[in-house]
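Enquirer: Requesting a structural model of the entry that follows:
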Amino acid sequence: LTAVTEWLEAHKFRAFLGEFAGGNNDQCSQAVDSMLSYMEAHPSWIGWTWWAAGPWWGSSWSSVEPNADGSDKPQVAWLQKHLESAVVV
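Expert: Numbering: from 1, shown residues only. Below you'll find the predicted structure:
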């Protein structure tokens, strides 16, 4: 992420990170948080998307589709922390 960010900034380009995910564990939680915090600190990043959501993903480790009882997957809290500071256009 650092190398591409430096390249983006040097060439005055902007980028969107499509499709990343992390399993429900401390290592992935910390990695996702660090990555999104880094991206927030660099305006060359204009956004990102999580992989995956939707009922067709079933119990996939990467899905943030709500549980059958309507509760959120743990990863949703990781993302919400970064969405609250996002600018929605």
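Enquirer: how about the CA coordinates for the strand or helix carrying residue 9, as CSV?
Expert: Using DSSP states H and E, residue 9 falls within helix 2-11. Taking C-alpha atoms only, helix 2-11 is exported to CSV below (Å, rounded to 0.1, in the frame of the first residue of the first chain):
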residue,chain,number,x,y,z
THR,A,2,2.9,2.4,0.8
ALA,A,3,4.5,2.0,-2.6
VAL,A,4,1.4,2.5,-4.6
THR,A,5,0.4,5.5,-2.4
GLU,A,6,3.8,7.1,-3.0
TRP,A,7,3.4,6.5,-6.8
LEU,A,8,-0.1,8.0,-6.7
GLU,A,9,1.0,11.1,-4.9
ALA,A,10,4.1,11.5,-7.1
HIS,A,11,2.0,11.4,-10.2
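Enquirer: which residues are in contact with it?
Expert: Helix 2-11 has contacts (CB atoms under 8 Å, 6 or more residues apart in numbering) with 13, 14, 15, 38, 42, 44, 45. Placement of C-beta: from N, CA and C, glycine included.
Enquirer: Residue 16 is in contact with residue 48, isn't it?
Expert: Yes - assessed by CB atoms under 8 Å, residue 16 is found in contact with residue 48 at 6.9 Å.
Enquirer: More neighbours: these two, which one.
Expert: Counted by other CB atoms under 10 Å, residue 16 and residue 48 do not tie: residue 48 has more neighbours, with 18 against 9.
Enquirer: The more buried one pairs with what?
Expert: residue 17 (DSSP bridges).
Enquirer: show me the contacts for the spatially most central residue of the chain.
Expert: Among the residues of the chain, the one closest to the centroid is residue 50, at 5.0 Å (CA atoms, centre = their mean). Counting by CB under 8 Å, 6+ apart, residue 50 touches 19, 20, 21, 62, 64, 75, 79.
Enquirer: One more pass at 7 Å, please.
Expert: 20, 21, 64, 79 (CB atoms under 7 Å, 6 or more residues apart in numbering).
Enquirer: Can you select the buried ones from the residues you listed in PyMOL?
Expert: Filtering the contacts of residue 50 down to the buried ones (16 or more other CB atoms under 10 Å) takes a single PyMOL command:
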select buried, resi 21+64+79
